[in-house]
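A.B. asks: structure for this input, please:
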Amino acid sequence: MTAAEQTFPETDRDDTAIEALLGRCAARDRVAFAELYRAVSPKLLACLIAILRRRDQAEDALQEVMVRIWQRSDQYDGYRGRPMAWLVSIARYYAIDQLRGRRPLVALDDTVASRLSDAGAQESVESAESTGTHSALELCLGRLTAEQRRCVELAYTAGYSHEQIANALASPLGTVKSWVRRGLASLRECLGL
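C.D. replies: Model (predicted):
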């Protein structure tokens, strides 16, 4: 490892490499796309498995997600966020769309929708509509600790990363990750997902 490489954390080097590959993909460089696939597919597959809960469906979804990434690579803007976060958001939205196709939608009433749209995250409200009725969602959210509920709300309605939540709540990153993980586990159990 060179002295220059030692000054940057691993994620900064990863972000730089992924950003460069996305730029090359935007120029329709197929070799860069193959490199990008090798670099990011394990993380994207893990994200898809976590949402879809079936490896076979997640693997199929990964192929579709990678096609979308190839088609939209020219839309990535490094000033708006980290490249891996952008890639994961494409995977997450695709997986949520797949779940919507499998479940009947149940509309939330306006009071819940307005509470969930803290930062105007209409997509999160639509996702919440597919998970169950108003009363089930309210009941399950009410069972979380205050910290878990706030972290889950910031993550899924405002789109905050773990680091952003830690900064917003002035809490250690590890603690925030635990709150999010435990909160999501509680919600999954309560909603029967």
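A.B. asks: how near is Ile96 to Arg28?
C.D. replies: 28 Å (Cβ to Cβ, to the nearest Å). The C-beta positions use only the backbone N, C-alpha and C, and glycine is treated the same way.
A.B. asks: mind checking which of these two has more residues around it?
C.D. replies: More crowded of Ile96 and Arg28, by other Cβ atoms under 10 Å: Ile96, with 17 against 11.
A.B. asks: now do the contacts for Gly23.
C.D. replies: By Cβ atoms under 8 Å, 6 or more residues apart in numbering, the residues touching Gly23 are 73, 76.
A.B. asks: read off the pLDDT value for it.
C.D. replies: If you check Gly23, the pLDDT there is 91.
A.B. asks: do the same with Ser124
C.D. replies: For Ser124, the model assigns a pLDDT of 47.
A.B. asks: same thing with Thr2?
C.D. replies: Value for Thr2, per-residue pLDDT: 44.
A.B. asks: also Arg100?
C.D. replies: With respect to pLDDT, Arg100 scores 79.
A.B. asks: which strand or helix spans it?
C.D. replies: helix 83-102 (DSSP states H and E).
A.B. asks: buried set for that helix?
C.D. replies: Neighbour counts over helix 83-102 (16 or more other Cβ atoms under 10 Å) mark 83-84, 86-88, 90-92, 94-96, 98-99 as buried.
A.B. asks: what sits up against it?
C.D. replies: Helix 83-102 has contacts (Cβ under 8 Å, 6+ apart) with 14-15, 18-19, 22, 40, 43-44, 47-48, 51-52, 57-58, 61-62, 64-65, 68-69, 72, 76, 80, 123, 126-127, 130, 159, 161.
A.B. asks: since that was my last question, I'll sign off now.
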